[in-house]
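# need a structure here:
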Amino acid sequence: MKRSIKAWALTFAFIIGLTGSAYAQVSVLPPDQDPWYTPPAGYESLPNGGFIRDRQINAMYLAPLYSTDVLTWLGTEAQKFAPYITILQNLKINAYQVLYKSVDSHNQPTTGVATILVPQGPWQGNGTRPLISYGVEEDSPHIRCAPSYQARTGLLNGQLAASQFAIALALPALAYGYALVVPDYEGPQSQWIAGPQAGHSTLDAIRATLAYAPAGLNAGTQVGIMGYSGGGSSSGWATALAASYAPELNIVGATIGAGSNNDVAQMYTNNDGKITDGLIVMAINGLARAFPESGINDYMNVFGKALVASASTSCTIDGVIKYAFAGPLENYTIAPWVTVPQSAPGKYIFGINSLVNQGYSPNFPVLIYNDSFDELVPPKASNDLAKQWCAAGANVQIMRTATPTPFVALVHVAGAIEGVLPAYNFLTNRFNGAASRNDCSNQSAWSTDLSLFLKLPYHPFDTQ
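Prediction:
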């Protein structure tokens, strides 16, 4: 037994080395150097979601072993080293990217990139293969952290982007047989936390995918929206805007996991002066680009401007490490920033980008979930959003996990892992036409304090 385990470990190492060596021979230009990302003159006249250009790609996920062309690279020799390598055939997919037209938070023309993943095997269910719009944690003011680039390079690009790991959590959707679209919802300027921009881009990525012939879908395809953390924000805004911005889409359900745009002011106060200060520094960078009229730059002192500018090339994880305990942020402003909702820039940017108090009401079932101990995204923000959507007549289902841990970000990460299969289960039930449980009448079990957690009448895998 020990000998077989050792043999498999050596085989695994061999495969990683072989595919890594093969991948090293393939050059993938980063977006800021790749002319494919630059739209031609006149693209602004296209409809939202309109096609600009496309390409077929190799999707890398986390490591070469999970590449969409791993079997091509390994060839027949693979069977000598790994008899079980054929398991990967179940994840063989066609991978494409489409550059499409969208609009930003000011309804001005911009572009987005949709990374489209479609299983090569025939759809085994009824009707057309469903599509899931999967929002990953782009969470960065640098375009090299965008999912379209991370999906092609994985861990081999030398960066530490949350989107690398989030894309790996999309693998179960392909095993289910669903098609997947992963949007670069921050746009070409990486406008992180810009809520309307993210919602527009996500919905336009769905439009572009449904119209893209190689994906094999059509205008009537059932669509599910899902995402976690930063991806929960883009998915949340897409959910909120769908009825008014893209009413033609056949969206049957959405899952919003720990969305950081649920209430941006709560996100700020929850992270300011902590080890996660880097999230705020990078977010200010993205918001300053998206809303120059807000006065954010003028509100920063000389040290604040230098701090924000230095974060312009950071991805999520390396940014958090670099700027840990950089705050409190009022050290970098010309006036106290700690009362953000009352400051002029705070009132402006948090008012525009927080989903709470926007007045939207989804017209399809929604699952909102958080870990009760989440140290990055406060569950209260999810509760507040759920209560408002319930009051507006939406069908809202709630899920809470409980993962107490003293280490920063581990609860938040655990929430993503624990929530992904229940989220897929929720969307699968919607694709199958099952009625969704509505938890709006049970607010006493989820909308108050943590002491009521054990009174919840369901557990994470009871999503319906």
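# residues in contact with V366?
Neighbouring residues of V366 by Cβ atoms under 8 Å, 6 or more residues apart in numbering: T239, G253, A254, T255, I256, W389, A394, N395, V396, Q397. For glycine as for every other residue, the C-beta is placed from the backbone atoms N, C-alpha and C.
# Please name the residues that touch the fifth one.
Residues in contact with I256, defined by Cβ under 8 Å, 6+ apart, are G227, G232, S235, G236, T239, N262, V366, L367, I368, Y369, S382, L385.
# run the last query once more with 6 Å
The contact partners of I256, taken as Cβ atoms under 6 Å, 6 or more residues apart in numbering, are G232, S235, G236, I368.
# do the same with the first one
By Cβ under 6 Å, 6+ apart, the contact set of T239 is I225, A254, P362.
# Filter those residues down to the buried ones, ChimeraX style.
Typed into ChimeraX, the line below selects the buried ones among the contacts of T239, using 16 or more other Cβ atoms under 10 Å:
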select :225,254,362
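# In strands, which of the contacts of T239 appear?
I225, A254 (DSSP state E).
# So in the protein, where's the weakest helix or strand by average pLDDT?
helix 2-24 (a mean of 37; mean pLDDT, DSSP states H and E).
# after it comes which helix or strand?
strand 51-56 (DSSP states H and E).
# Rounded mean pLDDT for that next one, please.
Averaging pLDDT along strand 51-56 gives 97.
# Give me the sheet partners of it and which way each runs.
Looking at strand 51-56 with DSSP bridges, its partner strands are strand 93-103 (antiparallel).
# residues in contact with the strand it pairs with?
43, 46, 48-50, 52-57, 59, 68, 110-120, 148, 174, 200-201, 204, 208, 212, 214.
# now swap in stretch 277-291 and tell me
105, 141, 189, 191-194, 271, 296-297, 308, 311-312, 314, 319-320, 323, 325-327, 349.
# what does stretch 33-44 give?
P31, I52, K101, P109, T111.
# and the last one, which of the three is it?
Assigned state for T111: strand (three-state reduction, DSSP: H, G, I helix; E, B strand; the rest coil).
# Count the neighbours of it for me.
21 (other Cβ atoms under 10 Å).
# Which residue ranges of this protein form strands?
51-56, 93-103, 109-119, 131-135, 179-183, 223-228, 251-257, 366-371, 396-401.
# How about exporting the fourth one as PDB, limited to the C-alpha atoms?
Included here for strand 131-135 are C-alpha records, laid out as PDB according to Å, rounded to 0.1, in the frame of the first residue of the first chain:
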ATOM      1  CA  LEU A 131     -25.400  28.300 -18.300                       C
ATOM      2  CA  ILE A 132     -23.900  29.500 -15.100                       C
ATOM      3  CA  SER A 133     -22.400  33.000 -14.800                       C
ATOM      4  CA  TYR A 134     -19.600  32.400 -12.300                       C
ATOM      5  CA  GLY A 135     -18.300  35.600 -10.600                       C
END
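# How far does it sit from its chain's centre?
Distance, stretch centre to chain centre, for strand 131-135: 9 Å (Cα atoms, centre = their mean, to the nearest Å).
# what helices or strands is that strand leaning on?
Packing contacts for strand 131-135, counted by 3 or more Cβ pairs under 6 Å, 6 or more residues apart in numbering; DSSP states H and E, involve strand 179-183, strand 223-228, helix 230-245.
# Parallel or antiparallel, which strands does that strand pair with?
So strand 131-135, judged by DSSP bridges, has these partners: strand 179-183 (parallel), strand 223-228 (parallel).
# Also compute the angle for that strand relative to strand 251-257, please.
Interaxial angle of strand 131-135 relative to strand 251-257 (axes from the mean of the first three to the mean of the last three Cα atoms, to 10 degrees): 30 degrees.
# Where does pLDDT dip in the stretch 201-350 of the chain?
336-342 (pLDDT under 70).
# send the alpha carbons of stretch 418-433 over as PDB?
Only the C-alpha atoms of stretch 418-433 are listed here, as PDB (Å, rounded to 0.1, in the frame of the first residue of the first chain):
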ATOM      1  CA  GLU A 418     -18.300  25.100   2.200                       C
ATOM      2  CA  GLY A 419     -20.800  27.100   0.200                       C
ATOM      3  CA  VAL A 420     -19.900  26.100  -3.400                       C
ATOM      4  CA  LEU A 421     -21.700  22.700  -3.500                       C
ATOM      5  CA  PRO A 422     -24.900  24.000  -1.800                       C
ATOM      6  CA  ALA A 423     -24.800  26.900  -4.300                       C
ATOM      7  CA  TYR A 424     -24.600  24.500  -7.200                       C
ATOM      8  CA  ASN A 425     -27.400  22.400  -5.600                       C
ATOM      9  CA  PHE A 426     -29.600  25.500  -5.400                       C
ATOM     10  CA  LEU A 427     -29.100  26.300  -9.000                       C
ATOM     11  CA  THR A 428     -29.600  22.700 -10.100                       C
ATOM     12  CA  ASN A 429     -33.000  22.700  -8.400                       C
ATOM     13  CA  ARG A 430     -33.900  25.900 -10.300                       C
ATOM     14  CA  PHE A 431     -32.800  24.400 -13.600                       C
ATOM     15  CA  ASN A 432     -35.000  21.300 -12.800                       C
ATOM     16  CA  GLY A 433     -38.000  23.600 -12.200                       C
END
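# List the buried residues of that stretch.
418-420, 422-431.
# Arrange the contacts of T239 in JSON lines, one row each, with distance to L279 as further columns.
Converted to JSON lines, the contacts of T239 look like this (distance: Cβ to Cβ, whole Å):
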{"residue": "I225", "distance to L279": "23"}
{"residue": "A254", "distance to L279": "24"}
{"residue": "P362", "distance to L279": "27"}
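# burial measure for the nearest residue to A258 once chain neighbours are set aside, as a count.
Ranked by Cβ to Cβ, 6 or more residues apart in numbering and with sequence neighbours excluded, the top spatial neighbour of A258 is V377, at 4.1 Å. A total of 30 residues lie near V377 under the criterion other Cβ under 10 Å.
# Any idea how many residues pack against the closest residue to V181 other than its chain neighbours?
Excluding the flanking residues, the one nearest V181 by Cβ to Cβ, 6+ apart is T209, at 4.3 Å. Neighbourhood size, T209 [other Cβ under 10 Å]: 27.
# Test my guess that T209 contacts I116.
Yes. With contact defined as Cβ atoms under 6 Å, T209 reaches I116; the gap is 5.4 Å.
# Name the residues contacting each of these two.
Here T209 and I116 have V181, A215 as joint contacts, going by Cβ under 6 Å, 6+ apart.
# For the stretch 201-350 of the chain, which segments count as helices?
Remark: helices assigned in the stretch 201-350 of the chain by DSSP state H, counting those that start in this stretch are 230-245, 264-271, 277-290, 296-299, 302-310, 316-322, 344-353.
# Deepest in the core, which of these is it.
helix 230-245 (a mean of 27; mean count of other Cβ atoms under 10 Å).
# Just the C-alpha atoms of that one, please, in PDB.
Extracted in PDB, the C-alpha atoms of helix 230-245 (Å, rounded to 0.1, in the frame of the first residue of the first chain):
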ATOM      1  CA  GLY A 230     -15.900  40.000  -4.800                       C
ATOM      2  CA  GLY A 231     -17.600  37.600  -7.200                       C
ATOM      3  CA  GLY A 232     -20.600  37.700  -4.900                       C
ATOM      4  CA  SER A 233     -20.600  41.400  -5.400                       C
ATOM      5  CA  SER A 234     -20.700  41.300  -9.200                       C
ATOM      6  CA  SER A 235     -23.300  38.500  -9.000                       C
ATOM      7  CA  GLY A 236     -25.300  40.500  -6.500                       C
ATOM      8  CA  TRP A 237     -25.300  43.600  -8.700                       C
ATOM      9  CA  ALA A 238     -26.200  41.500 -11.800                       C
ATOM     10  CA  THR A 239     -29.100  40.000  -9.800                       C
ATOM     11  CA  ALA A 240     -30.300  43.400  -8.800                       C
ATOM     12  CA  LEU A 241     -30.100  44.900 -12.300                       C
ATOM     13  CA  ALA A 242     -31.300  41.900 -14.300                       C
ATOM     14  CA  ALA A 243     -35.000  42.900 -14.500                       C
ATOM     15  CA  SER A 244     -34.300  46.400 -15.700                       C
ATOM     16  CA  TYR A 245     -31.000  46.000 -17.700                       C
END
